[in-house]
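A.B. asks: sequence first, then the predicted structure:
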Amino acid sequence: MEGKDAEEVVQFMELFQRLRNWVDDEPEGLEELAERDESVNQLCLDLYNSALWLEIAEESRHRFAAPVDPKFVTVWRNFEDRFADSIDRVFLRNQGFDLRGYKADKKSRRDILWKLADENARDSARAIQSTINHLYETVSDGDARYPDDFVDIVKKAFIAWHKLRAEIGFDVQSTLRRRALSPFVLVPRHVAKQYGVGEKLSLFDHLSQAYDAFILGVPFAALALMRSILEVTLRDHYGAQGNINEMIDNAQKLPQACQKAALHRLRQLSNDVLHFKNSAKTGPRDWERELLYFLVILRALIEGAPASNLSAFS
């Protein structure tokens with residue numbers, strides 16, 4: 001996704017533009033049109049496959065790509081927000097599913113995605129555990145086919161795995177679920193260029209470790225890093241000055257998804273953690289969904305940073 005010239009990106013941009021032209025940039029009624037018109041149906045399927053490739057490309061270690069052409073960022077999020085649901089429905093109809101009459105609001109879609117991610121993570125966690133148990137049982141039955149050193153390795157691995165889960169508290173299902181749900185950030189070129197390769201700490205370092213903390217289930221660490229990302233992004237890419245409270249109040253040209261009340265919520269929760277306030281002990285009823293919400297907001301803040309607001313510190 002590093003720029004608009006990659007072959008897969010060019011193909012997606014061309015297909016999506018063709019579809020937008022065909023329906024006057026209005027996804028309403030696209031499913032019915034695709035059902036009546038085979039040309040529209042095929043275009044939707046081609047676009048589905050093209051978008052799927054890009055989504056697969058997002059499965060990177062750090063959950064962000066940089067630098068990315070700002071035009072592509074805008075087009076990709078437009079596709080996700082307005083067209084992806086209809087395109088998915090067209091694909092499912094071609095697979096034999098009938099979703100006509102089914103409508104879901106954004107909250108319902110989030111709940112569905114969380115449930116799907118949790119079910120997939122549960123299945124994967126069970127598969128991992130079953131494989132480890134089977135291998136341990138197989139080498140422990142005294143079968144002479146297995147060399148002693150191999151049996152020792154398997155037994156040590158089995159013990160280490162159970163220590164990882166029992167003593168450290170590593171939860172495979174929750175980790176895989178949070179990994180699947182983590183929003184992928186497309187860092188625009190004008191944002192990425194302010195962070196050189198030789199810098200000791202950059203926005204990328206904070207993003208990477210914030211994701212690691214969230215995925216591994218360390219909410220306080222994730223929240224503290226998110227606060228740093230919020231502060232640096234407002235300062236360096238929105239030209240905001242003062243303390244973080246003032247930065248949020250004075251920030252201009254914020255993306256629509258970044259309501260100041262939500263940014264203050266992130267600031268307040270992180271302050272409670274950093275200042276050892278008792279309110280942080282309980283926090284939100286669902287830390288995972290709350291932090292996921294903040295990650296989505298920070299993604300919008302980074303991707304929507306205006307190119308004209310260059311920080312005096314850059």
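C.D. replies: Received, thanks. Keep in mind it's a predicted model, so treat the numbers as computed, not measured. Numbering: from 1, shown residues only.

A.B. asks: residue ranges in this protein under the pLDDT threshold?
C.D. replies: Residue ranges of the chain with pLDDT under 70: 1-5, 60-61, 98-109, 143-144, 196-201, 278-284, 309-314.

A.B. asks: can you give me the domain assignment for it?
C.D. replies: The chain resolves into domains spanning 7-94, 106-170, 182-303 when parsed by automatic domain parsing.

A.B. asks: so what's the gap between the longest one and the chain middle?
C.D. replies: Distance of domain 182-303 from the chain centroid (Cα atoms, centre = their mean, to the nearest Å) equals 14 Å.

A.B. asks: can you give me the helices for the stretch 51-200 of the chain?
C.D. replies: Assigned by DSSP state H, counting those that start in this stretch, the helices in the stretch 51-200 of the chain fall at 70-78, 84-94, 106-139, 148-166, 172-181, 189-192.

A.B. asks: if we can go back for a sec, any chance of the domains of the chain in TSV, plus mean neighbour count and distance to Leu176?
C.D. replies: Quick note: C-beta positions are derived from backbone N, CA and C, even for glycine. Below are the domains of the chain laid out as TSV (neighbours: other Cβ atoms under 10 Å; distance: least, Cβ to Cβ, whole Å):
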stretch	mean neighbour count	distance to Leu176
domain 7-94	16	12
domain 106-170	12	4
domain 182-303	17	9
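
A.B. asks: sorry, back to before: now render the helices of the stretch 51-200 of the chain as CSV, adding distance to Glu290.
C.D. replies: As requested, the helices of the stretch 51-200 of the chain are exported to CSV (distance: least, Cβ to Cβ, whole Å):
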stretch, distance to Glu290
helix 70-78, 22
helix 84-94, 24
helix 106-139, 12
helix 148-166, 25
helix 172-181, 12
helix 189-192, 25
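
A.B. asks: dead centre of this structure: give me the residue that sits there.
C.D. replies: Pro183 (1.4 Å; Cα atoms, centre = their mean).

A.B. asks: and it, how far is that from Gln173?
C.D. replies: Distance check for Pro183 against Gln173: by Cβ to Cβ, to the nearest Å, it reads 20 Å.

A.B. asks: ok, Leu113 next?
C.D. replies: Per Cβ to Cβ, Leu113 is found 16 Å from Gln173.

A.B. asks: and if you look at Phe83?
C.D. replies: From Phe83 to Gln173 the distance is 32 Å (Cβ to Cβ).

A.B. asks: cool, Gly242 as well?
C.D. replies: 43 Å.

A.B. asks: over to Arg235?
C.D. replies: 38 Å.

A.B. asks: could you do Leu45 as well?
C.D. replies: 33 Å.

A.B. asks: sorry, back to before: phi, psi of the residue nearest to the centre of the chain?
C.D. replies: phi -70, psi 140 (degrees, to the nearest 10).
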